[in-house]
Every structure is written in structure tokens, then in C-alpha cells.
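**Q** Provide a 3D model corresponding to the input given below.
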Amino acid sequence: MTIIGINLIHSGKNDEAMLYLDKAWQLNPDFPKTHYAFALRAAAEHNNKNAFEMAVVAMLKNPIQDLLYQQSFKVANTAANALLDAQMGDGIVQEFANRLEKKYGKKIVIQKDASIKTAAKIEFAENYQRDYHLVKYKPDYPAVHHLIMHELTHLLLAAEARENSRNKRFVSDEENKKRFLRSLEKDTRKMSKKGYDEAVINEYYTSLFTGMNGQIFNAPIDLFIEDYLYQNFPKLRPYQFISLLGLINEGIHATTDPNILTIAPLAIMSKSKTLNLASAIHYMKLYGVNLIEEHKGTNTEKKLAEQLYGEYQQYQNERGSGDEYDLLLSWARKLYVQNYFALVDDTDYRLHSDLIARLCAEAKVDMPAIDTPEDEKMKTFTDVHQGKDINLAVSQYMVEALQYFKKLTDSEINTFALQIGLKCADGISPDNEGYTLPLIEGRTFTGYQVLAYYYVSWAKAFPEYLEQLELPFDKEYEFAKEMADMGEN
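**A** So this is what the prediction gives:
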């Protein structure tokens, strides 16, 4: 009966076709071809909303990528594009932005910017010392209103997490970058043998480092965002359908293009492809569009992507504010990229950064540039050391620091304290090695050494703010001063 109905639709006999399609529906409402037939009829009558919705259902009920799937996708894609309307999109965006402005008390500015590296981005007011949030987007992307809504939802999730003291800052520094580059030493040698200049290699791997961090931060959080948009903005679905289709195809190109693969490290491409696959699974769950095989993933990559997505599903229906950061850390550990960044408490970060900025201004010291794109590598030292006896190793490092600072002027100590404060704001892992310190060239330090110098420099430069460092090394410092005095006698 469905076949008869489809043939009648092709013949322009829509009313007659409905007699057969209604009977087919009564016999089996889950039959995907019947949904496709209804989509085809709606499209013939220029009812793009119904055509889109029924074609999506047809794909969701038909996991096999056969001719019916291809026909359903064609109808859905055509209808979705026909539904894109700039005025309606502007209305959806403005309504959401107004709601966020009213709830959280800050203006939201939305502007075109073709120069940004990603399709869209949001700059939180707090991070840019502004009294408004700024959303930037590339105007040439299809269904761009979805991109704007996506960034506004980033703002919503961050605000909800901040209300419950669970918001995090995603930060990376030179130590993270060095770990990343060390993991690619074999690939670096291969590129050198191919004739690439060292500066070119470093620039390329730095871009990979930034890209990998951006992807691991966004990929898990984006699943929550897309689900939120799907559930709460039905009118946005055609935009979301088209926009995600374009973004996923971009990801496929980035990890399968032969020109890229000739120089890209396989390990990094594999991690990126796995994250792309998790996003593709989500898209398939929402709209029935199956792009899994187009990624050309290995069985291992596909299996890991399914595990990552399964972990997301455990959070999906009962997500608490800030849970997205827990998922992010879990995914990072499973992909072995947890050492390339840190998640630090947003409130502590801001308080510390504000203090450093003010002291820098008062001391007329320039703020060094730091990389802050938005397995915690550093557990709060209060938790680790509170109530324990003196850490003699830290005391010994503090003696070393006290001796070093004797050679410096007060102004130099102040500068040192401010610069190491900026460094430690991103998090220091006490058991790691290879850290560098401002003004000390030709040496590397352990995490505990860095913390010792950090504490001592602030004890000498800004003792009134020492408690704000929340480093429980008071006993170690007192003992270090006694040892230093003994050494002089």
C-alpha cells in the first residue's frame, strides 16, 4: 500500500495517495517507508516543516543506509534548507539572548567576524574585562543562527555552573605544550627528514596543540549543548540539522584528507577522529543521519567513540550543573590528553588573576602573556598537606629560594613574585618536573621547587596576601628561615 501511495504522489494524486498511506500507517506505524511517503507528500504540497520532520523519522527508523535512507535524507535536507529564514533565525536568537541578559544581568553583543579561526566563539565578559558578553560568528557558514545559539548555550552552562560554584577554567601553559611536543618527538624527526624547517614544524605542532585542546574542551560539552538546543528550541532544528551536517563533514575532511595525513601525527589524528565520531553518533541519534563510515575510523576508534558517547548518555538525563567538566576530564584520560591542559576552579582563578593584575599595575610591571583557551593536574595543596608534619623537601627548597632572593633587589623580587604567580595560576603539579622560573635561566625545576619559590617570593614581596595563595607551607617556611639563619652563623 505504501508503494502505491508513493506512486500516486509522484503522479500528483496526493489525496488519493492518502487513502493508501492511512491504511499503511494503521497496519504498521513504525514502517520507515510510510514515514518517507508522508514526507514526500508534504514536500509535494510545499509543507516543508512536515516534510522535514517525517523524513527525519524515516531515517531514525531505518538504520540501514539503503536507497530509502538516501531518499529520506534528500527530502530532509531539501526541506531543512527551505525552512531557513533569516528573520525567524534572528527572532530565535534574540529571544534567547534577552532571556539570558535578564537572568544574569549582562548585555550580550552578537557580531559578524570572518577572521575568527572557528565557526563561532563567545568571549565571556569576565575574561575580557568587559561589561558585556560578545558572540562572534562567521557569516558565511550555513544555518549560522544555530552557531550563535550554540555559543549562547555555552554561556548558559557556564553561568549555571558558576551559580553552584562548579564552573571551571580550561587553561594551558608552556609546560603543557612541552609535554605535547615531547610526545611527538618521533614525528618531529620524520618531518625533519622530509626537509621541513624547524620553525615550520614548531608552528605546525603548536597549532595542533591548540586544536587538540580546543577539541577536547568542546567535544563533550557540545553534546550537552546540542541536546539542550534540540529539546528546547524545536524551530531551530532545521538550522541545527544543516549546521551540524556541515561541521561534521569538516571534521571528516580534517582527519581523512590525504594531504593532511601525509604530515599529521597519526596519534593526534586518531584522537581527533575519535572525538569526531562521538559527535557523529550524537547527530545520528538526533536526526538519523549516519556519517560513521565516512570517518574511515578503525574498529578501535569506533569502539572508543561509542564508549565516550555511552558515558555521556549516563549524564544526559540527569546532568547537574558543572557535570560537563567531569565528563571532559574522563574523556581526556581515556584519550591520554589530560596532561596538555588543566581545569582550575573559576572563582579561585579570577580572584588570583585579579590580585596579580592589580599588583602588577601598582608595581608598574607588565603582565606576561599566558595562553588561556577556556585528571585535574593539580590537586588542591590544602587537601594534600593539611594536618601533616613538615615537608622537609619543601623547606630545603625554600632555603635555596631565600638564598637566591638575597641577590635580588626588592623590585626584582616583586617582579619575580608577580610572574611566578601568573605561572602558578594555571596549576602546578608538585610531582612533575621540567618547570622553568622567571629570571632564572638554564635550569628546570620540580613542581615542589616551584611552589617553594612561589611561597617565599610572596612572603617577601606581598606578605599581606600570602594567605590567598592557599599553600599550607607555613611550618615549612618558618623552619626554612631557621635553617637559613643557622647557615649564616
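**Q** Where does the prediction get shaky in the stretch 301-450 of the chain?
**A** 347-390, 426 (pLDDT under 70).
**Q** which stretches of it form strands?
**A** 342-345, 435-437, 440-445 (DSSP state E, counting those that start in this stretch).
**Q** May I see these arranged in a markdown table, with distance to T415 as well?
**A** Where you see a C-beta, it was placed from the backbone N, CA and C, and this is true even at glycine. Below are the strands of the stretch 301-450 of the chain laid out as a markdown table (distance: least, C-beta to C-beta, whole Å):
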| stretch | distance to T415 |
| --- | --- |
| strand 342-345 | 23 |
| strand 435-437 | 12 |
| strand 440-445 | 12 |
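**Q** Start and end of stretch 187-200, how far apart?
**A** The first residue of stretch 187-200 is 13 Å away from its last residue (C-alpha to C-alpha, to the nearest Å).
**Q** Might you report the residue contacts of I248?
**A** I248 is in contact with N276, S279, A280, Y283, L291, counting by C-beta atoms under 8 Å, 6 or more residues apart in numbering.
**Q** And for the residue lying closest to the first one once chain neighbours are set aside, the neighbour number?
**A** Closest residue to N276 in three dimensions, ignoring its sequence neighbours and counting by C-beta to C-beta, 6 or more residues apart in numbering: G251, at 3.9 Å. G251 has 22 neighbouring residues, counting by other C-beta atoms under 10 Å.
**Q** what helix or strand does G251 sit in?
**A** In the assignment (DSSP states H and E), G251 maps to helix 237-256.
**Q** All the helices of the stretch 51-200 of the chain, residue numbers only.
**A** 67-83, 86-104, 144-163, 174-182, 185-193, 198-232 (DSSP state H, counting those that start in this stretch).
**Q** Output the strands of the stretch 301-450 of the chain as TSV; include the columns distance to K61 and mean neighbour count.
**A** Below are the strands of the stretch 301-450 of the chain laid out as TSV (distance: least, C-beta to C-beta, whole Å; neighbours: other C-beta atoms under 10 Å):
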stretch	distance to K61	mean neighbour count
strand 342-345	40	21
strand 435-437	56	20
strand 440-445	60	11
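**Q** Between these, which one is closest to H133.
**A** strand 342-345 (20.7 Å; C-beta to C-beta).
**Q** Can I get the helix or strand that the helix holding G251 is followed by in CSV, CA atoms only?
**A** Where DSSP H and E defines the elements, the next helix or strand beyond helix 237-256 is helix 258-261. Extracted as CSV, the C-alpha positions of helix 258-261 are listed here (Å, rounded to 0.1, in the frame of the first residue of the first chain):
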residue,chain,number,x,y,z
PRO,A,258,45.4,12.5,2.2
ASN,A,259,47.2,15.8,2.0
ILE,A,260,46.7,16.4,5.7
LEU,A,261,47.6,12.8,6.7
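**Q** tilt between the helix or strand following helix 258-261 and helix 198-232?
**A** Counting by DSSP H and E, the next helix or strand C-terminal to helix 258-261 is helix 266-287. Relative orientation of helix 266-287 versus helix 198-232 (axes from the mean of the first three to the mean of the last three C-alpha atoms, to 10 degrees): 20 degrees.
**Q** circling back to that earlier point, orientation of the helix holding G251 relative to helix 86-104 in degrees?
**A** 90 degrees.
**Q** Measure how helix 237-256 sits relative to helix 144-163, angle-wise.
**A** Counting by the same axes, to 10 degrees, helix 237-256 lies at 90 degrees to helix 144-163.
**Q** Give me the mean pLDDT for helix 237-256.
**A** Averaged over helix 237-256, pLDDT sits at 96.
**Q** Same check on stretch 173-188?
**A** 87.
**Q** Of the helices of the stretch 51-200 of the chain, give the one that comes closest to Q449.
**A** The nearest among the helices of the stretch 51-200 of the chain, by C-beta to C-beta, is helix 174-182 at 13.2 Å.
**Q** Return the distance of the closest residue to T298 other than its chain neighbours relative to D222.
**A** Counting by C-beta to C-beta, 6+ apart, T298 lies nearest to S270, which is 7.7 Å off, once chain neighbours are set aside. As judged by C-beta to C-beta, to the nearest Å, S270 and D222 stand 20 Å apart.
**Q** Compare neighbour counts for the two and give me the winner.
**A** Neighbour totals were compared for S270 and D222, and D222 leads with 21 against 17 (other C-beta under 10 Å).
**Q** Contact partners for the more buried one?
**A** Taking C-beta under 8 Å, 6+ apart as the test, what D222 contacts is H150, S279.
**Q** cutoff 10 Å now
**A** Neighbouring residues of D222 by C-beta atoms under 10 Å, 6 or more residues apart in numbering: H150, T153, H154, Q215, L244, L247, L275, A278, S279, H282, E324.
**Q** hey, which of the helices of the stretch 51-200 of the chain is tucked in deepest?
**A** Ranked by mean neighbour count, the helices of the stretch 51-200 of the chain are led by helix 144-163 with a mean of 21 (mean count of other C-beta atoms under 10 Å).
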